[in-house]
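1. Okay, predicted coordinates and the sequence, questions at the end:
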Amino acid sequence: MKLDPYKLRNDFPILNTLTPNGKPLVYLDNAASSQKPYTVIQGTSKYYSEENANIHRGIYHLSQHATEMYEKTRIKTSNFFRAQCAKAIIFTKGTTESINLVAQAWGRSNVHIGDEIVLSVQEHHSNLVPWQMLALEKKAVLKFIPILEDTTYDLSNLKDIITRKTKIVAISQMSNVTGTIHDVRPIIERARQVGAKVLLDGAQSSSHLKIDLVGLDVDFFAFSAHKMLGPTGVGVLYGKEEILEEMPPWIGGGDMIETVSLESSTYANLPAKLEAGTPNIAGVIGFSYALDYLASIGMENIHSHEMEITSYAIDELNRLGGVTLYGTEDIEKRGGVVSFTVEGVHPHDVGSMLDEEGIAIRVGHHCCQPLMKQWSIPGTCRASFYLYTTKEDVDALVAGLQKVKTIFSRVARK
């Protein structure tokens, strides 16, 4: 079933608003955060107005009801991503916290002097800095999978990069800079050969692709709700149950304990052991409505729509001229992201001028400074699409870029 973005836009109130200068909003920054449909907004509001109570501890009806809704979201998340079981779903504040949880709770217990941690050169800082911190603490070695000119992973020397010394491989499934969807199976297979664990950064792929976690056979998978139409401040860490069982808690406090004495404590079973303190209850419940919305449309339909929009955008940007595109030319290997630079114009200037036209894109290094350094550029302009993006949005972007080019060509001639 082909989705209708024009119809879906009616479900998103912000897409029918005007920017401060009176321009219709053209929102093309979905890789940073998606917009929210009425159902998510209303569901979150309903919790605060009618269902607000803390969870897991109260014996009164309101608390029991809130607990039930919270835990139903865990089950729904597990089913949506075809996870091993609901206990393997840990709620966090976001992808960043999910990765840090693994680096600290699992990493501190399993990574030692001389061990190797394998990343790639195009990782988001959230999947780079935590491992740098762990490597520094444990005197471990960081190794990196390079990328080819088309921005896919270079797997030619995989056996030399992932070795018997490798403890964990932490890589992204889809680039937040180029939208490249990576074939991670050869990497996972190599990690299995040497007994290494695999963490997949799903911050981008989770909102665009149909994910089968058991089928992927990854040990950890991290993502955020706010890129999937859900509220901010909610993340998920999936981990294989047997690995999570062995992991010590990272944060201590309420709700993650079984018994506490003045001298020592014993810890609760999963998932509570790794969810200390009062969580973002409203956000998790709001995420439940987002999952329902995505399921009603179908992730395969969303991906097909994004491929169509991305292909159209690439064609129009190439036709414009003076624009350099980054990423694979194989549309089958791309998600709804297009990164580009405009000849002779700094990305920040492009972003500012587009903003005057009501067009919201992201500019800069996109939390991927090592990749920008490899390309010898300060940053890129990034337009990112989602299920409600239309070809008219792309047309507005191209028209805005034409205006940018015209203005800067006049300046250059003076």
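-> Happy to help now that I have it.
2. Distance-wise, check the residue nearest to the spatial centre of the chain relative to residue 398.
-> Per C-alpha atoms, centre = their mean, the C-alpha nearest to the average position across the chain is that of residue 203, at 1.5 Å. For residue 203, the distance to residue 398 equals 28 Å [C-beta to C-beta, to the nearest Å]. For the C-beta atoms, the positions are set from N, CA and C on the backbone; glycine is no exception.
3. Ok, residue 138 next?
-> 49 Å.
4. just residue 98 next, same as before
-> Here the criterion is C-beta to C-beta. By it, residue 98 lies 37 Å from residue 398.
5. who's more crowded, those two?
-> Comparing residue 98 with residue 398 by other C-beta atoms under 10 Å, the one with more neighbours is residue 98, at 29 against 18.
6. who touches that one in this structure?
-> 90, 92, 220, 222, 223, 235, 236, 237 (C-beta atoms under 8 Å, 6 or more residues apart in numbering).
7. do the same with residue 311
-> When the contact criterion is C-beta under 8 Å, 6+ apart, the partners of residue 311 are residue 331.
8. I'd like the distance between it and residue 179.
-> 12 Å.
9. Residue 302 too?
-> Residue 302 sits 14 Å away from residue 179, taking C-beta to C-beta as the criterion.
10. Please identify which of these two sits among more neighbours.
-> Shown here are residue 302 and residue 179; by other C-beta under 10 Å, residue 179 has more neighbours (27 against 21).
11. and the nearest residue to the more buried one once chain neighbours are set aside, bridged to which residues?
-> Leaving aside its sequence neighbours, residue 179 sits nearest to residue 337 (C-beta to C-beta, 6 or more residues apart in numbering; 2.8 Å). Taking DSSP bridges as the rule, residue 337 bridges to residue 384.
12. Next, count neighbours for residue 337.
-> Taking other C-beta under 10 Å as the criterion, the count of residues near residue 337 is 29.
13. now do residue 6
-> 10.
14. Buried residues in the strand or helix carrying it, which are they?
-> Assigned by DSSP states H and E, residue 6 belongs to helix 5-8. By neighbour count with 16 or more other C-beta atoms under 10 Å, helix 5-8 contains the buried residues 5, 8.
15. after it comes which helix or strand?
-> As assigned by DSSP H and E, the chain's next helix or strand after helix 5-8 is strand 26-27.
16. helices or strands up against that next one?
-> Strand 26-27 sits against strand 359-360, helix 391-413, with contacts defined as 3 or more C-beta pairs under 8 Å, 6 or more residues apart in numbering; DSSP states H and E.
17. Residue 251 is nearest to which of these?
-> The closest of the helices and strands packed on strand 26-27 to residue 251 is strand 359-360. By C-beta to C-beta, the value is 34.7 Å.
18. Now do the closest one: distance to the chain's middle.
-> 20 Å (C-alpha atoms, centre = their mean, to the nearest Å).
19. can you give me the mean pLDDT across it?
-> On average, the pLDDT along strand 359-360 is 98.
20. can you give me the strands in the stretch 201-350 of the chain?
-> Secondary structure of the stretch 201-350 of the chain (DSSP state E, counting those that start in this stretch): strands at 220-224, 235-239, 257-260, 265-267, 323-326, 337-342.
21. Would you mind putting these into a markdown table with mean pLDDT alongside?
-> Below are these laid out as a markdown table (pLDDT from 0 to 100):
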| stretch | mean pLDDT |
| --- | --- |
| strand 220-224 | 98 |
| strand 235-239 | 98 |
| strand 257-260 | 92 |
| strand 265-267 | 93 |
| strand 323-326 | 97 |
| strand 337-342 | 98 |
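22. Many thanks, we can stop here.
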